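S.K.: what would the 3D arrangement of this be:
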Amino acid sequence: MKNKRTMMLPGPVDVPHQALLASAQKMIGHRTSDCEDLVAEVSEGLKYVFQTENDVLVLTCSGTGGLEATLANTLSKGDKVLSLCTGAFGERFATIAERYGIEVERMNFTWGEAVNADRVEEKLKEVGKGYFKAILMTHNETSTGIVNHPKPLGKLAKEYGALLFIDAVSSLAGIELKTDKWKADVVVASTQKALMSPPGLALVSVSPAAMKAREESDLPKFYWDFKRAKRFLNERPNQTPSTPAITTLYALREVLKEIKEEGLGEVFDRHKIMAKAFRSAMKKIGLGLLVDNEDEASKTVTAVELPKEIKFSTLKERLLEEHNLYITGSKGHLKGKVFRVGHMGNTTKSDILTTISALEIVLKDEGLDLELGSGIKAAQEIFYKEER
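M.R.: Predicted structure coming up:
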């Protein structure tokens, strides 16, 4: 009998049992009071996780759709934006903006290094207040495993008259993000990452300043229209303009309840411990980490440098075929050079230890000189220490 599947991707992730059961409820009409109650509960739960008093709009699409909606609603052709690129997903955000005719200035940082706020401040001083309509940033760059800190960037954005848009697709509910306190205007997340629900929904927190920008925007929008989504949410009330992914809403409602019961602080601490244990194990068995600075390293995904003598395709296939374990590679110039392991959402200590064990076995069999069990012991020591 094939052993239990272990999903260690940076999304989609395993969905908790109760959330899976919730998603299997009978279908309801999207214009019924039952669905209105569902949307209302989800909306309230999302405000808690986003740490915002503003509306969180629910769009039936992937996180990428949420990013596109952000740009389509707030900007006009010819507007200038500063895009802070630290990896593949930062590049994607910039590319979406370019496709809409927005003038994008990319500030590139070495992949594996975080945004340098001093460099951003220098650029803003150089061009002056009001030059950039918005600053685009990725909170958690999953292609490299780096975290970019929004707090100083929110302060700079307000000082220089720019909106701050944050891609938090792989960070929300896994890494601290204080939407209102850190002055973020739009924060985009999706359900299939640390929110540990099935794919299908983008979740978008929108500030009053961003909604004001919606009135000035000349870019085409219909399905993505924030004003229309906000009107349905507040005036219908608790509805969405089009049919939402109702089964995903069911699961998300259950997950949001679980997060509230555990407490956001405890959720963040749990992610930190999982990341620390896995990273400690990788270093113990002799593998390098693309990001080896704990303050900047992601708490939801780790990028591990692949030994030159081992092919990623071989590692991935053997882990899947022999251990039913899912990992993934990276993108761009890192393709084939690192592998990535997600440890977010519903990931448990057992999942971490299972992953380390399988990696040790396959890597040793492929010729890496390592002591079986050494990585597991390193992770166990972290778990033991952090629980006392």
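S.K.: how are the strands of this protein distributed by residue range?
M.R.: 6-7, 56-59, 80-85, 103-108, 134-138, 140-141, 146-147, 163-167, 186-190, 202-206, 301-305, 325-326, 328-329, 338-342 (DSSP state E).
S.K.: where does the stretch 1-150 of the chain dip in pLDDT?
M.R.: Scanning the stretch 1-150 of the chain for pLDDT under 70 picks out the ranges 1-3.
S.K.: run the last query once more with 50
M.R.: The model of the stretch 1-150 of the chain has pLDDT under 50 over residues 1.
S.K.: re the thing from before, residue 368 is nearest to which of the strands of the chain?
M.R.: Between residue 368 and the strands of the chain, the shortest gap by CB to CB is with strand 301-305, which sits at 12.0 Å. Placement of C-beta: from N, CA and C, glycine included.
S.K.: name the residues of stretch 116-130 that are buried.
M.R.: Neighbour-count burial for stretch 116-130 flags 117, 120-121, 123-124 (criterion: 16 or more other CB atoms under 10 Å).
S.K.: between those residues, which is closest to residue 387?
M.R.: Once CB to CB is applied, the member of these that ends up nearest residue 387 is residue 117, at 34.7 Å.
S.K.: ok, and for stretch 149-159, which residues are buried?
M.R.: Applying 16+ other CB under 10 Å to stretch 149-159 flags 149-150, 153-154, 156-157 as buried.
S.K.: what does stretch 104-115 give?
M.R.: Using 16+ other CB under 10 Å as the burial criterion, the residues of stretch 104-115 that qualify are 104, 106-107, 109, 111-115.
S.K.: now for the buried residues of stretch 149-159: which two are most distant?
M.R.: The two members of those with the most space between them (CB to CB) are 149 and 157, at 13.3 Å.
S.K.: could you give the number of residues near residue 307?
M.R.: For residue 307, the neighbour count with other CB atoms under 10 Å is 16.
S.K.: report the central residue of the chain.
M.R.: Centroid-nearest residue in the chain: residue 170, 1.1 Å away (criterion: CA atoms, centre = their mean).
S.K.: and the gap between it and residue 301?
M.R.: 7 Å (CB to CB, to the nearest Å).
S.K.: need the residues touching each of these two.
M.R.: 10, 140, 142, 344 (CB atoms under 8 Å, 6 or more residues apart in numbering).
S.K.: quick check: the first one touching residue 141?
M.R.: No - with contacts defined as CB atoms under 8 Å, residue 10 does not count as touching residue 141, sitting 10.4 Å away.
S.K.: neighbour-wise, which of these two wins?
M.R.: Ranked by neighbour count (other CB under 10 Å), residue 10 and residue 141 place residue 141 first, with 32 against 25.
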